[in-house]
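1. here is a sequence together with a model predicted from it:
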Amino acid sequence: MSDVFFINWQDPITRHWYPVAKLERSQGHYVFAYTNGALHSSNFSPFAGLTDIRAIYVSTELFPIFANRVMNERRPEFSQYARWSGIYRNQHSDPLLLMARMGGGRATDTLQVHPVPEKSGTGLYQMVFFCHGGRHVLEEAQERTLNLTPGERLFPMLDLQNPFDSSAVALRISDPAAMIGYFPRYLAGDLRRLAEGAKNKLRVQVRQVNPDAPVQFRLLCELVSRWPSGFRPCDDEDHKTIVDFKAMSVVDIVERRTPQS
């Protein structure tokens, strides 16, 4: 499970999505900083309690903007959401696990949370995600989705003339061929770069089908790829923090923010 997360925000006017903040979990602390994506829209306002866009925030507790999106295990629907997400009971102690898998958003929310993929012990790029946009495809394709089986191959397609997002990547099935939805926006950039390597092989497949779930949680998928040499996920200018703290440890950041007597 990743210890680095990004929060994406949708501009209410243009409807474009931007990566606006980064959260890292390390050494018993949470470190929060805004990213360059937060500078691209005049409609964006910093989150409550995190108002300085050029500051680094450190806390031993999860910041409210994230904590409010973590589902309490005592809620009656928790086990259902955990089942849809493919999360098992022995993993419930991680407050970020379910939030990251579900996206951390609400039906009318303009925020989404996603983890940064990490290299597996076998040197692979592996990411589990829900197929997006299922409500916008043909009814026949939605019905076909319910008949998919775990391990069944899915095929990514660049949707270059998409009027809402020219970077969109669609997902299709075969026999018969039909588009069933889209990759999450936060994965599209990585997918394109993974696919560009001539020697790279990647596979997208069905992880789990949830017939009783809302359409946005109906199809759980998995992307598996060789991790190319030098590859870094979510590595573009918008995802870089406004204040660079890569060279500093959490201890360094805490010490710099602690008033000296």
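-> Arrived safely, thanks for sending.

2. quick one: end-to-end distance for stretch 20-31.
-> 14 Å (C-alpha to C-alpha, to the nearest Å).

3. ranges for the strands of the stretch 1-150 of the chain?
-> Applying DSSP state E, counting those that start in this stretch to the stretch 1-150 of the chain gives strands spanning 4-10, 17-26, 29-34, 56-59, 111-115, 124-130.

4. between the ones you listed, which one is nearest to residue 82?
-> strand 124-130 (13.3 Å; C-beta to C-beta). Heads up, the C-betas are built off the backbone N, CA and C, glycines and all.

5. other SSEs contacting that closest one?
-> Helices and strands touching strand 124-130, as assessed by 3 or more C-beta pairs under 8 Å, 6 or more residues apart in numbering; DSSP states H and E, comprise helix 97-102, helix 185-196, strand 219-226.

6. show me which positions of it end up buried.
-> 125, 127-130 (16 or more other C-beta atoms under 10 Å).

7. okay if I get those as CSV plus distance to residue 238 and pLDDT?
-> Output for those, formatted as CSV (distance: C-beta to C-beta, whole Å; pLDDT from 0 to 100):
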residue, distance to residue 238, pLDDT
125, 20, 92
127, 19, 90
128, 23, 90
129, 20, 92
130, 22, 92
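
8. just those residues now: which is nearest residue 114?
-> residue 129 (8.3 Å).

9. run through this structure and note the low-pLDDT ranges.
-> 1-2, 88-95, 104-109, 197-200, 246-261 (pLDDT under 70).

10. quick one, which of the helices and strands packed on strand 124-130 is nearest to residue 175?
-> Across the helices and strands packed on strand 124-130, residue 175 has its closest neighbour in strand 219-226 (17.0 Å, C-beta to C-beta).

11. for that closest one, list the C-alpha coordinates in CSV.
-> Only the C-alpha atoms of strand 219-226 are listed here, as CSV (Å, rounded to 0.1, in the frame of the first residue of the first chain):
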residue,chain,number,x,y,z
LEU,A,219,-16.0,-3.1,-12.1
LEU,A,220,-12.7,-3.4,-10.2
CYS,A,221,-9.7,-3.7,-12.5
GLU,A,222,-6.0,-4.2,-12.3
LEU,A,223,-3.1,-2.8,-14.4
VAL,A,224,0.1,-4.8,-14.3
SER,A,225,3.2,-3.7,-16.2
ARG,A,226,7.0,-4.1,-16.3
